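*Asks:* Build the 3D model from these lines:
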Amino acid sequence: MTDTRKSADYILAKLQGVTKMYSQPDHYDILVLDDINLTIFKGQFVALLGPSGSGKSTLLRIVTGLSQPSFGTVLYRGRPVTRPNPRAAMVFQSFALYPWLTVQQNVELGLTAKGIPLAERRQKALRLIDLIGLNGYEEAFPKELSGGMRQRVGFARALAVDPELLCMDEPFSALDFLTAENLRSELLDLWLDDKISLQSILMVTHGIEEAVYMADRIIVLSTNPARIVADLAVNLPHPRNRKSSDFIYLVDHVYKIVTAGDRPPHSPLNLVPSRLQDPESEDRAQLKPIPYGHLSMLSGLLELVSDRGGRDDLYRLGSELLLEVDGLLPVTDTAELFHLATVAEGDLILTEQGRQFAEVDVSARKQIIRRELLNIPLFRLILRVLSAKTNHAMSKDFFTDILEEHFSQDQAERQLALAINWARFADLFHYDTDSELLYLADDQLAEAGDWDTAVR
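*Replies:* Just a heads-up that it's a prediction; the model follows:
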């Protein structure tokens, strides 16, 4: 890498107060990005890290000009970005190749759009195909290639237009472990040895080790909505040794930041006060997303931590269970929501109720979950509606429509599906898959009539 590449005194792109909202019916807006201020310097490999749904991909599209912010400004070389930026290129997670075009034709695509003469674009495409290790596959079609080979074509197509900024949206996540590892190393070699004419790389990832292994700088985003909670320099020399104490320390440090998010330590999620003067308006105002945690995984995780004394390091747990932070966070968030555990300094710590949960049988666990569900606004809302109906049943679409006032359509459907699964486990209400009705049985109705008292 040249001295110019190493310098960080030249601003390539700058985001100032970038906010993104998506409008919903009845003029309800979903806030995805909140007041993002970010500067990308020439010569930096920057990783955007955060849980699923934290707005990383949305932010990437805004940087490239593929999407516009609702508020705020995006500058590239000091000029506002109001349309797709011709000096930025994108590599997608899903390869995004045209199946009817050959490898060479896919690589030439951007050059064709720019009006580059045939001989010149073919020469350039062939050089890049050779550079990425696909020499001999020029006339092959995407269906004839492995996943790793298809992603190599995606890299070559992006590099063909000589971008200054290469944006990558989880480019290795769809590949098997060994293929992804090879591609990471090869891309780093091209970048570090100045074999590609890039000024900066911006990569979205949910893999903490991947970010520490590749990037010079890590930006950590929270979720719902996305805010920058950390901006970290990675000063480890290349090639980086994953087993070195410095590497492990930094991964663990980032893990603590990601798992803490932007919540204060030990703060409960999604809870309402125990005494409500106006429960309907209070629930309506505090209808927030519930974490996508599977109760079977939650039970197993708590049992494992209980066997280890009630406290364990989340990074170690994730490594042992082969889970990225994206897969582990929903479970730990669920544990916090149910007052079964807290997360502090990157450790999962069981509460007294969590220790009890890990030791009792399934029937007792159902009782604990049921009691906790009664404190969550979404479940209070469902029970209130079912209790008020004459037949104590209501269609799934009714609740989906309500949730779409607060979330996107896909998120609303996922939230309700998760709520139904939790409620069925806890025997809080039933769901008929044929009629798509949520309903209360007689024994549940008696308990639901007392639900407000239960949370007091």
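*Asks:* Downstream of whichever strand or helix holds V305, the next helix or strand is which one?
*Replies:* Assigned by DSSP states H and E, V305 belongs to helix 295-307. Once helix 295-307 ends, the next helix or strand along the chain (criterion: DSSP H and E) is strand 311-313.
*Asks:* And that next one, what's buried?
*Replies:* D312, D313 (16 or more other C-beta atoms under 10 Å). Glycine gets a C-beta too; all of them are placed from N, C-alpha and C.
*Asks:* quick one, what contacts H392?
*Replies:* L386, Y439, L440, L445 (C-beta atoms under 8 Å, 6 or more residues apart in numbering).
*Asks:* Can you say which two of those are spatially most distant?
*Replies:* Greatest spatial distance in the contacts of H392: Y439 and L445, 9.4 Å, computed using C-beta to C-beta.
*Asks:* who's in contact with D326?
*Replies:* Counted by C-beta under 8 Å, 6+ apart, D326 has contacts P51, S52, H206.
*Asks:* now swap in R365 and tell me
*Replies:* S299, F357.
*Asks:* Strands along the stretch 151-300 of the chain, start to end?
*Replies:* 165-169, 200-205, 217-221, 228-233 (DSSP state E, counting those that start in this stretch).
*Asks:* What degree of burial does the nearest residue to N135 once chain neighbours are set aside show, as a neighbour count?
*Replies:* Nearest residue to N135, sequence neighbours excluded (C-beta to C-beta, 6 or more residues apart in numbering): I129, at 6.3 Å. When counting by other C-beta atoms under 10 Å, one arrives at 22 neighbours for I129.
*Asks:* these two touch, right, I129 and E139?
*Replies:* No. Contact criterion C-beta atoms under 8 Å: I129 and E139 do not qualify, at 10.7 Å.
*Asks:* between those two, what contacts are shared?
*Replies:* Common contacts of I129 and E139 (C-beta under 8 Å, 6+ apart): V103, Q104.
*Asks:* what about the nearest residue to R121 once chain neighbours are set aside, which SS state?
*Replies:* Leaving aside its sequence neighbours, R121 sits nearest to L111 (C-beta to C-beta, 6+ apart; 3.8 Å). Secondary structure assignment for L111 (DSSP: H, G, I helix; E, B strand; the rest coil): helix.
*Asks:* Roughly how far does L111 sit from K124?
*Replies:* 6 Å (C-beta to C-beta, to the nearest Å).
*Asks:* likewise N135?
*Replies:* From N135 to K124 the distance is 14 Å (C-beta to C-beta).
*Asks:* Ok, L322 next?
*Replies:* 41 Å.
*Asks:* neighbour-wise, which of the two wins?
*Replies:* Using other C-beta under 10 Å as the criterion, L322 and K124 rank with K124 on top: 19 against 8.
*Asks:* The more buried one falls within a helix, correct?
*Replies:* Yes. Assessed by three-state DSSP, K124 belongs to a helix.
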